[in-house]
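# Here's my sequence, what's the structure:
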Amino acid sequence: MIRRAVLFELRIYRNLARWVARRPDVRGGEPFGYAQLVTPVLCLWIFGSAVETVVVHFILPWEGIRLVADIVGIWGLLWMLGLLAGMRTYPHLVTPQGLRVRHGGNFDLKLPWEIIASVTTQRTNLESSIRTLRLIDDELFVAVNNEVNVRVVLTEPIIVKDREVTAVSFLADDPKALVARAKAPATP
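Residues are numbered from 1 along each chain as shown. Now for the predicted structure:
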């Protein structure tokens, strides 16, 4: 558990560095974003946190506590920026080998074309949760803001988190374009 938390934290900073350097990870594929829905909300949180950090700095009279509050405030800002950066720099990819379903720098599922039976648009609103990845029955949901809009049905099950999965649903900013591209993967 601690190892996973540390890796998650390190990936947040890697995402941020990649975003600042304008180096999205799109090697060998056509990117399809999924951050459009949450970008306004995250930007509001980032702005609010930035204002809060400055205000708290000026209203706290104790130097030691002010320093701790500044560090925690800046850490929170970097963390939220890194979360948004991950969504921007690790888009879903349609490649000649298959479909890559991603979420930030923390999740990357490669689905080869040989095991994909169909790719369709299918909007689903999931029950509210802070979890991005959810296994419900034999389907994996990679949700953004508790929503998915693309569904991939597999010809054979794959193992994800020690469970068999026969379908994968995820969110894309332009689901129709992703589905159209997935139906013609060999063309450039």
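
# which residues in this protein form strands?
Counting by DSSP state E, the chain has these strands, from start to end: 30-32, 92-94, 98-103, 107-112, 116-125, 133-136, 139-142, 147-160, 163-170.

# Now the weakest link among these, please, by mean pLDDT.
Here these differ in mean pLDDT, and the lowest is strand 133-136 at a mean of 91.

# quick one: contacts of that strand?
The set of residues that contact strand 133-136 without belonging to it, under C-beta atoms under 8 Å, 6 or more residues apart in numbering, is 103, 107, 126, 140-143, 160-161, 163, 165. Every C-beta, even on glycine, is put in place using the N, C-alpha and C of the backbone.

# Then stretch 29-36?
Outside of stretch 29-36, the residues within contact range by C-beta under 8 Å, 6+ apart are 24, 84, 87-88, 91-95, 100, 103, 144, 170-174, 177-178, 181.

# if we can go back for a sec, quick check on the contacts of strand 133-136: which are buried?
With burial judged by 16 or more other C-beta atoms under 10 Å, the buried subset of the contacts of strand 133-136 is 103, 107, 140-143, 165.

# quick one: furthest residue from the center of this structure?
Largest separation from the mean C-alpha position in the chain: Pro61, at 39.2 Å (C-alpha atoms, centre = their mean).

# Local confidence estimate at that one?
Model confidence at Pro61, expressed as pLDDT, equals 91.

# do you know how far it is from Gly76?
22 Å (C-beta to C-beta, to the nearest Å).

# Of all the helix elements in the chain, which one is longest?
With residue count as the measure and DSSP state H as the assignment, the chain has helix 63-89 as its longest helix.

# hmm, back to that, could the buried ones among the contacts of strand 133-136 be laid out in TSV, adding distance to Gly48?
Formatted as TSV, the entries for the buried ones among the contacts of strand 133-136 read as follows, by distance: C-beta to C-beta, whole Å:
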residue	distance to Gly48
His103	24
Phe107	27
Leu140	33
Phe141	29
Val142	27
Ala143	24
Val165	37
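
# Among these, which one lies nearest to Ile130?
Ala143 (10.2 Å; C-beta to C-beta).
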